[in-house]
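*Asks:* coordinates for the following, if possible.
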Amino acid sequence: MKRSTLSPVEGLSDKQDLLVSYYLRHGDKKQAALKVGYSENSVKDAFKHPLVRAEIERRRLRLREVTQMDKEYLLQKLKEIIDPYLGDMIEVDPDGDPRIEWSRLTPEMRKLIGKFTIETRTSGQKYGRTKTTVKVDPHDKIAAIKEAAAILGLKVQQHEVNVSDSLIDTLTKRRQHLAEKKDDGNSGDSKPTGDGSGESE
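*Replies:* Numbers count the residues shown, from 1 in each chain. Prediction:
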């Protein structure tokens, strides 16, 4: 017969009850144990206790029943963060300047966005020009992959690829290259001085 998840484990002490509460709230076994009065050397033993382990499992099962969240649900939500790629919204013009094409934002991409802020600035006192800036903070894909791997019991190698930095570096080099070409074209009429410094009078 399946035991009800409503009732606490019989025989659990008040101290053990607090231990479980702090641990499930903050996720840190050591801090939870120290908070309720266990010594640093007894942390492992405290969580190995059969009643503590049973109470942790009971509360987790209860949370799943209340929230209707299980491994499949969590993996699906993590997958929605891992799969989309906001880089598909970036368009680069011939001068190497990037811009975001919001028309490319798909419903799947929206799920990747953690938060965004919209700032509106007006230049000029009376008939100023209004400029709107949108800042997007996406969810952490690397963290999502690690969480999904932990649920599935898989190991993820610690190789992090910062796509944003790579893109910025590429765009920066492109703009520098174009700027150098432009400078070369404008400096064709200047003549170097006799000291070889390259400066024109």
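*Asks:* for V92, which residues make a bridge with it?
*Replies:* Counting by DSSP bridges, V92 is bridged to P98.
*Asks:* CA atoms of stretch 9-17 as CSV?
*Replies:* The C-alpha trace of stretch 9-17 is given here as CSV (Å, rounded to 0.1, in the frame of the first residue of the first chain):
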residue,chain,number,x,y,z
VAL,A,9,7.5,10.5,8.6
GLU,A,10,6.7,9.0,12.0
GLY,A,11,9.5,9.4,14.6
LEU,A,12,11.1,12.4,12.9
SER,A,13,12.5,14.8,15.5
ASP,A,14,12.0,18.6,15.4
LYS,A,15,15.6,19.1,14.6
GLN,A,16,15.5,16.7,11.7
ASP,A,17,12.3,18.3,10.5
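*Asks:* got a list of contacts for it?
*Replies:* With contact meaning CB atoms under 8 Å, 6 or more residues apart in numbering, stretch 9-17 is reached by P8, V20, V36, G37, A46, H49, L51, V52, A54, E55, R58. Every C-beta, even on glycine, is put in place using the N, C-alpha and C of the backbone.
*Asks:* you'd agree the first one is in a strand?
*Replies:* Right, the one you point to is P8. No: assessed with DSSP: H, G, I helix; E, B strand; the rest coil, P8 is coil; it does not lie in a strand.
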